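> Show me the folded form of this:
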Amino acid sequence: MLIRRNIIKIDEEKCTGCGLCVTACAEGALQIIDGKARLVSEVYCDGLGACLGECPEGALTIEEREAEEFDKEATEAHLQHPMEEELPCGCPGSMSRRIEHHTTAEDHATMELASELTNWPVQLRLVSPHAPYFQGANLLLVADCVPFALADFHPRFLSGRPVVVGCPKLDDASYYIEKLTDILKHSSVNSLTVIHMEVSCCSGLTYIATRAIESSGKNIPMEDVTVAIYGEVLAEA
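Below is the predicted model of the structure:
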């Protein structure tokens with residue numbers, strides 16, 4: 001049923017698709033589709049405008065118009081996103097495993113680079129919150145593009161650490177917050193290092209990590225690392 005109420009309005013001319021509004025919307029009403037922020041469904045938007053201040057381009061406003069009524073139950077169901085159930089059941093490639101590297105000091109001396117990856121899978125959507133490699137770990141949360149830009153990513157950051165990767169612009173930030181929260185709750189993670197690119201949309205990964213730590217109820221130290229598109233670390237905080 002349509003009622004007259006406040007609801008989000010997106011100016012596509014101003015929208016750059018940075019994705020900051022997506023991570024700010026607790027109801028999951030916004031997504032980046034075809035490079036622009038879109039309202040997924042009117043029933044998911046409560047019209048309160050929590051996302052307004054996150055848009056650097058001023059592309060978001062609240063307008064009063066006829067729209068479907070906000071549906072809290074439908075929104076909660078939408079946020080649950082049982083994404084693992086949508087994946088192929090029993091896929092052997094998604095099996096959690098620890099990777100052992102049997103290389104000697106002599107091997108390393110003759111190799112230009114050696115892989116430091118110690119866990120599989122690495123995609124945040126695929127990992128199990130109960131995977132043993134999270135116990136007592138210094139966990140890395142890395143934007144998909146980082147290892148392509150940072151030439152020394154393996155020896156500088158990955159060595160001795162489990163890693164999970166994701167894209168805050170293209171993926172479901174609300175789901176990632178929930179998934180990372182589960183990992184932190186069910187493991188004894190010692191620290192969390194977030195590594196993202198310098199582009200504005202990529203900073204959403206820091207927001208995801210911050211929200212997950214808060215939701216876990218644990219006091220987990222977090223380091224935030226920014227990588228330039230030309231392959232240098234700009235900041236570590």
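> What distance do you get for residue 217 to residue 27?
22 Å (Cβ to Cβ, to the nearest Å). Backbone N, C-alpha and C define where each C-beta goes, glycine included.
> meant to ask about residue 59, not that
With distances taken as Cβ to Cβ, residue 59 is found 18 Å from residue 27.
> domains of the chain?
2-82, 94-236 (automatic domain parsing).
> got those as a markdown table, with mean pLDDT and mean neighbour count columns?
Shown next, in a markdown table, are those (pLDDT from 0 to 100; neighbours: other Cβ atoms under 10 Å):
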| stretch | mean pLDDT | mean neighbour count |
| --- | --- | --- |
| domain 2-82 | 87 | 16 |
| domain 94-236 | 87 | 17 |
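> separation between the nearest residue to residue 136 once chain neighbours are set aside and residue 58?
Closest residue to residue 136 apart from its sequence neighbours, by Cβ to Cβ, 6 or more residues apart in numbering: residue 188 at 5.2 Å. Taking Cβ to Cβ as the measure, residue 188 falls 44 Å from residue 58.
> cool, and residue 181?
Residue 181 is 31 Å from residue 58, by Cβ to Cβ.
> Show the residue spans covered by the helices in this protein.
Listed in chain order, the helices of the chain (DSSP state H) span 20-24, 72-80, 105-110, 146-149, 153, 173-185, 204-216.
> Which stretch among those approaches residue 51 most closely?
Of all the helices of the chain, it is helix 20-24 that lies closest to residue 51, at 4.3 Å by Cβ to Cβ.
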